[in-house]
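Participant: Compute the structure for the input listed below.
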Amino acid sequence: MILAAAQTKPKQGDISGNLIDHYRLCEMAHAEGANLLVFPEMSISGYEREKACELSFSKNDSRLDELRKLAGDHKLIIVAGAPIMLNSGLHIGSFILYPDGSVSIYAKQFLHSGEEKFFKSSFDYNPSIELDGEKISLAICADIDIPLHPENAWKNRSTTYMASIFYTPKGIATAHDLLRGYAMKYSMNVLLANYCGKSWGLEAGGKTAFWTSQGDLIAALDGSCSGLLVVEKNNGVWTGKTIIHPCEE
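Facilitator: Now for the predicted structure:
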């Protein structure tokens, strides 16, 4: 099994440009034989609050058509972030696009201070991904700050905890410490996808990473370049590598 995490530099509010970047990274992940590719929080729009409603997606949004096609053509599960409008309101969410054409949605459960002015939190959209004997639970950014969140993933018998975040250089060291601790405490692998560059007027910290269920760091990107982290499990042993986005070389 091969998992990949994208580290992106989103263009603020540029849906078309960001989707093109997603397509390139999907092709890179496919070239590495990946079974799943996860993107950071609100990766399609860039992190937004004030403009999130006008940039929001619906579950069957036609702007997802090419990502759906790539998921099917490459037998690749794609997890991409966006502001998503649901019956319950506007949510920070992740689309889970499956090779068979089906779509699931994960909604952020715990919001950062200030996000509640624009978004709703929800525990009603909390699917797991089953892949080659792994049960993968999702998280978005502030979810990882709440110990109850990874604890619930463990209670749900998850073997991998996958977090899409937007953390600054100052905060990413804390995120790494938290996630490594969760890996060891709950015996879950942890896959992290973060931005680099600037979004919403803030620098992002990058350092997309993967830890085994023993807390061993297998691979991590640096803080400045966009690219791909790829980890592979063979006979229970994880190995990993990082690939810089061609546009950054």
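Participant: Now do the residue nearest to Ala204 when sequence neighbours are not counted: how many residues are near it, please.
Facilitator: Nearest in space to Ala204, with sequence neighbours left out and distances taken as Cβ to Cβ, 6 or more residues apart in numbering, is Tyr195 at 3.5 Å. Where you see a C-beta, it was placed from the backbone N, CA and C, and this is true even at glycine. The number of residues packed near Tyr195 is 31, by other Cβ atoms under 10 Å.
Participant: what's near enough to touch Tyr195?
Facilitator: Applying Cβ atoms under 8 Å, 6 or more residues apart in numbering to Tyr195 gives the contacts 7-10, 40-41, 43, 47, 166, 204-206.
Participant: Could you measure from it over to Ser226?
Facilitator: To Ser226, Tyr195 is 9 Å away according to Cβ to Cβ, to the nearest Å.
Participant: Likewise for Ser128?
Facilitator: Ser128 is 28 Å from Ser226, by Cβ to Cβ.
Participant: Of the two, which one has the most company?
Facilitator: When Ser128 and Ser226 are compared for neighbours, Ser226 comes out ahead with 23 against 19, by other Cβ under 10 Å.
Participant: Give me the neighbour count for the residue nearest to the more buried one when sequence neighbours are not counted.
Facilitator: Closest residue to Ser226 apart from its sequence neighbours, by Cβ to Cβ, 6+ apart: His245 at 4.2 Å. Other residues near His245 come to 20 when the count uses other Cβ under 10 Å.
Participant: any idea how far the lowest-mean-pLDDT helix or strand in the chain is from the chain center?
Facilitator: Least confident helix or strand of the chain, by mean pLDDT, DSSP states H and E, is strand 198-199 with a mean of 88. From the chain centre to the centre of strand 198-199 is a distance of 17 Å (Cα atoms, centre = their mean, to the nearest Å).
Participant: Show me what that strand pairs with in its sheet, parallel or antiparallel.
Facilitator: With DSSP bridges as the test, strand 198-199 is paired with strand 202-203 (antiparallel).
Participant: could you give me the average pLDDT of the strand it pairs with?
Facilitator: The average pLDDT within strand 202-203 is 92.
Participant: neighbouring contacts of the helix or strand that it is followed by?
Facilitator: Next in sequence after strand 202-203, counting helices and strands by DSSP states H and E, comes strand 209-211. Here strand 209-211 makes contact (Cβ under 8 Å, 6+ apart) with 3, 5, 176, 179-180, 183, 189-192, 217-221, 229, 231, 238, 240.
Participant: and the residue nearest in space to the middle of the chain, what does it touch?
Facilitator: When Cα atoms, centre = their mean is applied to the chain, the residue found nearest the centroid is Ser164 (3.2 Å). Taking Cβ under 8 Å, 6+ apart, we find Ser164 in contact with 38-41, 43, 79, 81, 94, 138-141, 193.
Participant: Likewise for Tyr47?
Facilitator: Listed by Cβ under 8 Å, 6+ apart, the contact partners of Tyr47 are 10, 41, 166, 195, 199-200.
Participant: Could you export the residues you listed as JSON lines, including distance to Ser121?
Facilitator: Supplementary listing: those in JSON lines, determined by distance: Cβ to Cβ, whole Å:
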{"residue": "Pro10", "distance to Ser121": "22"}
{"residue": "Glu41", "distance to Ser121": "14"}
{"residue": "Phe166", "distance to Ser121": "16"}
{"residue": "Tyr195", "distance to Ser121": "21"}
{"residue": "Ser199", "distance to Ser121": "21"}
{"residue": "Trp200", "distance to Ser121": "19"}
